[in-house]
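Colleague: sequence and predicted structure are below.
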Amino acid sequence: MKRHYVLLIHVLFWCLFLLSDALQHYQYSRYHPTIGRTLLITTTYMWITMTAFYGGYTLIYHFIVRPWPWPGWLGIINVLTTLLLIVAARYVVEFVLLKPLIGYDNYSVNKAFTWSWFVKNAVLYYWNWALYGLLYGFVEHYVQQQQRAREQLRSEVSLLRAQVNPHFLFNVLNDFYALSLTKPDQMPDALLKLADLLRYMLYSSQSAAVPLSDEIAYVKSYIDLEQLGQNGRANVQTSFTGSFSEQRIAPMLLIPFVENAFKHGALFQQQAIVIQLMADEKQLMFQCRNAKQAGEKDKTGGIGLANLRRRLDLEYPNRYTLRIADTDTRFDVNLHLTF
């Protein structure tokens, strides 16, 4: 959380604390006949509370979490210093400010007042705020750890997504080279399709999730582009059924399987590539099967598969199943996601 937001939260908290304390004292105490006097007294006493709170946060908590090679007895000194500051703050408030300035005497009816009693009472009355400051430090530390973990997660996901893009471009450029030699008249249409794909890759990579309908449109455009490179002769069967308008999915999640099917598949066999997707408001089932040349080893079983599994672990923890069957003649992928 940004520092100015944290500062604003602290200011709002102490303002609300002051308002609540002032209303309570003005309503029930005979020592505060006016609102101005009430605000003056409660504001100065809040200074003691803040001393205890920030003493616990800065002196006690920060000594605990910082890996300084100091002896343990210095921690005890910090605790005693915090308690001493509480006592000193109360003395200044009651005997240096309030009593000389407005004649407020908090102990006028206390016949048993002694300085040892004063010290003990100040510590017992405000020590809990030092504890609150210590607990606040631990909560702040936990929140910062969670934020760093989320930032690291986003960085890793972005890196994994970025690894998809060069692989995709490498495959497409190879197809374009072949297309330019065999059917150069189709290059303009192919370039337009490529522009749409690149536009989607550019903008989708900036989002945590995209509409499922956009991801499906991307897959279809990729298939069309590959068909251009294969002169429309690749045997591809597709089926996309269900509800797509309201569902969202991590971008570029399905395309590596489709790329792999075209790159390593026996494209001209019967049912060379079969792509099926079914979705409803709760789940998505994706299947991609491709025939293989005898002896062909599918490269998605290496770095690409590890990349995909890691992305699924990060973006769909405990919400996916991925089953892959790799034989000499077929490569089958079955992915089940829970939204």
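Modeller: Received, thanks.

Colleague: just the strands in the chain please.
Modeller: Assigned by DSSP state E, the chain shows strands spanning 210-211, 236-242, 248-249, 273-279, 283-291, 320-326, 330-338.

Colleague: minimum distance to residue 145: which of those has it?
Modeller: Across the strands of the chain, residue 145 has its closest neighbour in strand 320-326 (26.0 Å, CB to CB). In short, each C-beta sits where N, CA and C put it, glycine included.

Colleague: helices and strands around the closest one, which ones?
Modeller: Using 3 or more CB pairs under 8 Å, 6 or more residues apart in numbering; DSSP states H and E, the elements in contact with strand 320-326 are helix 303-315, strand 330-338.

Colleague: hey, what's residue 290 bridged with?
Modeller: Here residue 290 shows beta-bridge partners residue 273, residue 331, assigned using DSSP bridges.

Colleague: isn't it up against residue 259?
Modeller: No: the criterion here is CB atoms under 8 Å, and residue 290 misses it with residue 259 at 10.7 Å.

Colleague: show me the contacts for residue 61.
Modeller: Residue 61 makes contacts with 133-134, 136-138, as judged by CB atoms under 8 Å, 6 or more residues apart in numbering.

Colleague: if we go to 10 Å?
Modeller: Counting by CB atoms under 10 Å, 6 or more residues apart in numbering, residue 61 makes contact with 54-55, 78, 130, 133-138, 140-141.

Colleague: so how far is residue 82 from it?
Modeller: From residue 61 over to residue 82 the distance is 10 Å, taken as CB to CB, to the nearest Å.

Colleague: hey, what's in contact with both of these two?
Modeller: Taking CB under 10 Å, 6+ apart as the contact rule, the neighbours common to residue 61 and residue 82 are 54-55, 130, 133-134.

Colleague: what residue in the protein is the furthest from its centre?
Modeller: Ranking residues of the chain by C-alpha distance from their mean position (CA atoms, centre = their mean) puts residue 111 at the top, at 58.6 Å.

Colleague: phi, psi of residue 105?
Modeller: Main-chain dihedrals, residue 105, degrees, to the nearest 10: phi -120, psi 110.

Colleague: mind listing what it touches?
Modeller: Each residue near residue 105 by CB under 10 Å, 6+ apart is listed here: 31, 94-95, 98-99.

Colleague: which two among those are spaced furthest apart?
Modeller: For those, the farthest-apart pair by CB to CB is 31 and 95; their separation is 15.7 Å.

Colleague: residue 282 against residue 339, yeah?
Modeller: Yes: counting by CB atoms under 10 Å, residue 282 touches residue 339, with 5.9 Å between them.

Colleague: what touches both of the two?
Modeller: residue 247.

Colleague: so for the two, which sits in the more crowded spot?
Modeller: Set side by side, residue 282 and residue 339 show more neighbours around residue 339, with 16 against 10, by other CB atoms under 10 Å.

Colleague: can you give me the pLDDT of the more buried one?
Modeller: Turning to residue 339, the model gives it a pLDDT of 87.

Colleague: what sits against it?
Modeller: Per CB under 10 Å, 6+ apart, neighbours of residue 339: 209, 212, 246-249, 279-284, 316, 319.

Colleague: swap the cut-off to 6 Å and go again
Modeller: Residue 339 sits next to 247, 282 when contact means CB atoms under 6 Å, 6 or more residues apart in numbering.

Colleague: which stretches in this protein count as helices?
Modeller: 3-28, 35-55, 62-65, 73-91, 99-102, 115-182, 187-204, 212-229, 255-264, 303-315 (DSSP state H).

Colleague: for these, which one sits closest to residue 328?
Modeller: Of the helices of the chain, the one closest to residue 328 (CB to CB) turns out to be helix 255-264, at 12.6 Å.

Colleague: now that closest one: how far from the chain's centre is it?
Modeller: Here the centre of helix 255-264 is set off from its chain's centre by 31 Å, with CA atoms, centre = their mean, to the nearest Å.

Colleague: one more: stretch 251-268?
Modeller: Its chain's average C-alpha position is 31 Å from that of stretch 251-268, according to CA atoms, centre = their mean.

Colleague: give me the mean pLDDT for it.
Modeller: Here the average pLDDT along stretch 251-268 is 82.

Colleague: compute the first-to-last residue distance for that stretch.
Modeller: Stretch 251-268 has an end-to-end distance of 29 Å (criterion: CA to CA, to the nearest Å).

Colleague: buried ones in it?
Modeller: 251-267 (16 or more other CB atoms under 10 Å).

Colleague: buried stuff in stretch 204-213?
Modeller: Residues of stretch 204-213 classed as buried: 204-205, 210-213 (neighbour count, 16+ other CB under 10 Å).

Colleague: wait, stretch 237-252
Modeller: 240, 244, 247, 249-252.

Colleague: okay if I get those residues as JSON lines plus distance to residue 192?
Modeller: Converted to JSON lines, the buried residues of stretch 237-252 look like this (distance: CB to CB, whole Å):
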{"residue": "240", "distance to residue 192": "22"}
{"residue": "244", "distance to residue 192": "24"}
{"residue": "247", "distance to residue 192": "28"}
{"residue": "249", "distance to residue 192": "25"}
{"residue": "250", "distance to residue 192": "26"}
{"residue": "251", "distance to residue 192": "21"}
{"residue": "252", "distance to residue 192": "20"}
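
Colleague: I appreciate the help and will end here.
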